[in-house]
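S.K.: Next one to model:
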Amino acid sequence: MNHVLTVIGNPVEAPLPDSLGADLALALTQAGAEAGEPVWLSAGEALDLPFDGLSALAAEKIADIALAGLPADRLAQDAAGRAKRLLIADMDSTMITVECIDELADFAGLKAEISAVTERAMRGELDFESALRARVAKLKGLPESVLQTCFEERVRFTEGGRQLIATMAANGAYCALVSGGFTFFTSRVAAHLGFHEHKANVLEIADGALAGTVTEPICGANTKLDSLRGLAARHGVAPEATLAVGDGANDLPMIEAAGLGVAFHAKPKVAAAARARVDHGNLTSLLFFQGYARAQFVG
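M.R.: Here you go, the predicted structure:
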């Protein structure tokens, strides 16, 4: 069949019922579709249902009704070309659970003030570049050594991230971490998770302390989009074979341009615009969306 509907739940808190495949197949059939045999990618966690005769968006609307009240994510898409060959991922609040600039601000006693600006910037209410310059300026004088302390004490990796990168890389995909944050952190996060390369903003240092500036030009929304297009061209990857994931407004251009753009526990503006969204699952959801069974995961 030409299309597939994927449903992903939480196997610990709310496992998907065994009857879900049959229930979804019946709902699609009643709407005029032809449904195939459901395939469990992971028991109680992720299910594929092949179908024809309905658009992807129509199938998703039917799934939403059938899944009402169940904490689950879903995506309907073409069955062909699901496994992507290029991944561009955001870092803060995507591959890691925190915003590094907010955690740095905590060491300066400014977390509440800075995090409020970060939230507005990520929601798309402020110009990202201007907001970043203003926040970094407030960190002037913070000892350079705080960067390592912040990484060690505050940075936590999002569940499923290492499996996502290792599995895609093992299947020939190129993985890049592109962040509006800082290279001090992306270099370490990329190394830990297995990304092939990383790009972010460079914090400038003067006399062993943060200078309150970043090297221009700022790595923002346009840089992320350019990275997606540039890496796809460099590696001979067609646009439809690309995957982008992020949570903030500065991720939207790359999410909208990718073959599969995923809003991951994202801000409302991003979640509303993205073709796919993960509101309940972890980063392995991106593997299930690509058709990987849990038995195929690496890492």
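S.K.: Do a quick rundown of the strands in the protein.
M.R.: Taking DSSP state E, the strands of the chain run over residues 3-8, 34-35, 39-42, 46-52, 73-78, 86-89, 174-182, 197-201, 203-206, 209-214, 242-246, 260-264, 276-278.
S.K.: can you pull out the helices in the protein?
M.R.: 20-30, 56-66, 100-107, 111-122, 128-137, 145-154, 161-170, 183-193, 221-234, 252-257, 268-273, 285-289 (DSSP state H).
S.K.: And the contacts of the last one?
M.R.: Under the criterion Cβ atoms under 8 Å, 6 or more residues apart in numbering, residues 6, 8, 41-42, 45-46, 73, 75, 77, 82, 160, 163-164, 167-168, 243, 245, 260, 262, 276, 278, 281, 297 lie in contact with helix 285-289. Where C-beta positions appear, they are placed from N, C-alpha and C, glycine not excepted.
S.K.: Try it again at 7 Å.
M.R.: 6, 8, 41, 46, 73, 75, 163-164, 167, 243, 245, 260, 262, 276, 278, 297 (Cβ atoms under 7 Å, 6 or more residues apart in numbering).
S.K.: and what of the third one?
M.R.: For helix 100-107, the external contacting residues (Cβ under 7 Å, 6+ apart) are 92, 111, 114-115, 118, 135, 139, 142, 146, 150, 154-155, 181-182, 185.
S.K.: Please repeat the previous calculation with a cut-off of 6 Å.
M.R.: Helix 100-107 has contacts (Cβ atoms under 6 Å, 6 or more residues apart in numbering) with 92, 111, 114-115, 118, 135, 139, 146, 150, 154, 181, 185.
S.K.: thinking again about what came up before, can you tell me which of the helices of the chain is packed in deepest?
M.R.: helix 285-289 (a mean of 26; mean count of other Cβ atoms under 10 Å).
S.K.: mean confidence score for it?
M.R.: Mean pLDDT, helix 285-289: 98.
S.K.: Could you do stretch 143-162 as well?
M.R.: The average pLDDT for stretch 143-162 rounds to 98.
S.K.: tell me the contacts of residue 275?
M.R.: Residue 275 touches residue 261, counting by Cβ under 6 Å, 6+ apart.
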